[in-house]
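A.B. asks: Got a sequence here, can you model it:
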Amino acid sequence: GERVDNLETIGFGWDASHLSIAQVDNEIWDLRYNELAAYKEEHGDCLVPKRYEPNKQLGNWVSNQRQKYRLLQEGKKSHMTEERIA
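C.D. replies: I've put the predicted structure just below:
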């Protein structure tokens, strides 16, 4: 169908069983980062509402990034990396 074609057009891989959890996490992070860049281009800021109706995953992701950054700044366990901050 159309959705399958759209996914394949952007290089979506159907078999991700060969990917590690870290690779999947990095791919999702890169995807959301690119969505955030597009949001900024459109809105002029990165203040995505947590319940952003057009892209709820992006709203949640932005909220999670801020939370992970706060934990890192407080010296607590966080999945945030220095690479992602830089």
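
A.B. asks: wait, what's in contact with residue 52?
C.D. replies: Applying Cβ atoms under 8 Å, 6 or more residues apart in numbering to residue 52 gives the contacts 58, 59. Placement of C-beta: from N, CA and C, glycine included.

A.B. asks: Do you know the pLDDT at it?
C.D. replies: With respect to pLDDT, residue 52 scores 95.

A.B. asks: repeat for the one 3 residues further on
C.D. replies: pLDDT, the model's per-residue confidence, is 96 for residue 55.

A.B. asks: Might you report the residue contacts of it?
C.D. replies: Per Cβ under 8 Å, 6+ apart, neighbours of residue 55: 35, 39, 48.

A.B. asks: Select from those every entry located in helices.
C.D. replies: Using DSSP state H, the members of the contacts of residue 55 that fall in helices are 35, 39.

A.B. asks: quick one: which of the contacts of residue 55 is nearest to residue 4?
C.D. replies: Of all the contacts of residue 55, residue 35 has the smallest distance to residue 4: 20.6 Å, by Cβ to Cβ.

A.B. asks: tally of neighbours for that closest one?
C.D. replies: 16 (other Cβ atoms under 10 Å).

A.B. asks: Now the residue nearest the centre of the chain: closest residue in space, sequence neighbours ignored.
C.D. replies: When Cα atoms, centre = their mean is applied to the chain, the residue found nearest the centroid is residue 32 (2.6 Å). Distances taken as Cβ to Cβ, 6 or more residues apart in numbering place residue 61 nearest to residue 32, at 4.2 Å, with adjacent residues excluded.
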